[in-house]
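J.: show me the folded form of this:
(2 chains)
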Amino acid sequence: MKEINAVTLKFLSRSANEGFARASAAAFAAQLDPTLDELGDIKTAVSEAVTNCIVHAYPDSIGVITMKMRIFEDNSLEITVKDSGVGIPDIEQALTPLFTTGGDDRSGMGFTIMDSFMDKLKVKSVQGRGTSVTMRRRISVRAGRK
Amino acid sequence: MKVSANFDNKTLYLYPIGELDHHGAKKAMVTIESRIDLSLPRECILDMRHVTFMDSSGIAVILKTMRLVNEAGGRLTVENVPAQAMRVIDAAGIDRIVQISALTKE
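T.: Predicted structure coming up:
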């Protein structure tokens, strides 16, 4: 699949950057002319992925989060959120709805929402090395556009 | 995130304002918890009309608010949920355990 456009952002795992990451993803996705619902889904999925890095990957420290976004010729958007944090010991367990190690401040629904709001979700993790979450969403081409 | 509140006729009204993500939820929960402790409401309405964005952190806020209100002997209703937040609530399936209604355009 041919890549049309790409951008890479690096930012610190501070919770104030959750809004920055969402707004950046929305601004980049805007060139695909998404509907408000599609844009909302992308922002929500990005928010979940970035929050996971802040809460779980770097629990007691501030680390770097890399967000890479790419647009392909089939009108799809791919977003990879990567950290160099503690890693996920059991990915299958982490993907289970309601499972969380974050206590009652967390709902355990992060991966479930990423999975249901995006078309594809891939999680790779090595303990002590970090985690990368890749999500893909195809934006529907609306009538009246070429 | 700011949460404005008023207590009237044994009912506590809570209005979170802005983006209810992990960053906003931490601040919102401090206000919500102290307001429930202060008023011990029979009914609590979490009115979401001013929430401009919500992710799963908002689900945790709703569930924690419900637990606190229930412990105080009251009942929680979530009202005027905007479309984006409603999609998150639907995906999480919490409408089975707490009464939730969507924001309807005036």
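
J.: OK, contacts around the residue nearest the centre of chain B?
T.: Residue closest to the average C-alpha location in chain B (Cα atoms, centre = their mean): residue B:46, at 3.6 Å. By Cβ atoms under 8 Å, 6 or more residues apart in numbering or on different chains, residue B:46 lies in contact with B:14, B:16, B:62, B:65, B:76-79. In short, each C-beta sits where N, CA and C put it, glycine included.

J.: ok, of those residues, which come out buried?
T.: For those, a burial check counting by 16 or more other Cβ atoms under 10 Å in any protein chain shown picks out B:14, B:16, B:62, B:65, B:76-78.

J.: who are the packing partners of the helix or strand hosting residue B:101?
T.: Residue B:101 belongs to strand B:99-102 when elements are defined using DSSP states H and E. If contacts are counted by 3 or more Cβ pairs under 8 Å, 6 or more residues apart in numbering or on different chains; DSSP states H and E, strand B:99-102 sits against strand B:75-81, helix B:83-92.

J.: on contacts alone, who are the packing partners of the longest one?
T.: This points to helix B:83-92. Judged by 3+ Cβ pairs under 8 Å, 6+ apart, helix B:83-92 is in contact with helix A:36-52, helix A:110-117, strand B:51-54, helix B:56-71, strand B:99-102.

J.: how does it look with 7 Å?
T.: Identification of packing neighbours for helix B:83-92 by 3 or more Cβ pairs under 7 Å, 6 or more residues apart in numbering or on different chains; DSSP states H and E yields helix A:36-52, helix A:110-117, strand B:51-54, helix B:56-71.

J.: list the buried ones in the longest one?
T.: Neighbour-count burial for helix A:36-52, with 16+ other Cβ under 10 Å as criterion, is recorded at A:38-52.

J.: and the angle for it with helix A:110-117?
T.: Helix A:36-52 and helix A:110-117 are oriented at 160 degrees to each other (axes from the mean of the first three to the mean of the last three Cα atoms, to 10 degrees).

J.: tell me, how many residues neighbour residue 84?
T.: Here I'm looking at chain A. Neighbour count for residue A:84, taken as other Cβ atoms under 10 Å in any protein chain shown: 17.

J.: oops, wrong one, chain B.
T.: By other Cβ under 10 Å, 19 other residues sit near residue B:84.

J.: so it touches residue B:51, yeah?
T.: No - counting by Cβ atoms under 7 Å, residue B:84 sits too far from residue B:51 to count as a contact (8.6 Å).

J.: which residues of chain A lie near chain B?
T.: Residues of chain A that fall close to chain B, judged by Cβ under 7 Å from any Cβ of the partner chain: A:15-16, A:18-19, A:40, A:43-44, A:47-48, A:51, A:54-55, A:104-107, A:109-110, A:112-113, A:116.

J.: which among these end up buried?
T.: Applying 16+ other Cβ under 10 Å to those flags A:15, A:18-19, A:40, A:43-44, A:47-48, A:51, A:54-55, A:106-107, A:109-110, A:112-113, A:116 as buried.

J.: three-state assignment of residue A:143?
T.: Secondary structure state of residue A:143, per DSSP: H, G, I helix; E, B strand; the rest coil, is coil.

J.: chain B versus that one, what's the distance?
T.: Going from residue A:143 to chain B by Cβ to the nearest Cβ, to the nearest Å gives 22 Å.

J.: okay, that residue: pLDDT?
T.: Listed pLDDT for residue A:143 reads 73.

J.: circling back to that earlier point, quickly find the element holding the residue nearest to the centre of chain B.
T.: For residue B:46, the element it lies in under DSSP H and E is strand B:43-47.

J.: any buried residues in that strand, and which?
T.: Within strand B:43-47, the residues that count as buried by 16+ other Cβ under 10 Å are B:44-47.

J.: again, but for stretch A:19-37
T.: The neighbour-count check on stretch A:19-37 (16+ other Cβ under 10 Å) flags A:19, A:21-22, A:24-25, A:28-29, A:32, A:34 as buried.

J.: kindly report the same for stretch B:76-94.
T.: By neighbour count on 16+ other Cβ under 10 Å, the buried set for stretch B:76-94 is B:76-78, B:80-82, B:84-89, B:91-92, B:94.

J.: thank you kindly, that will do.
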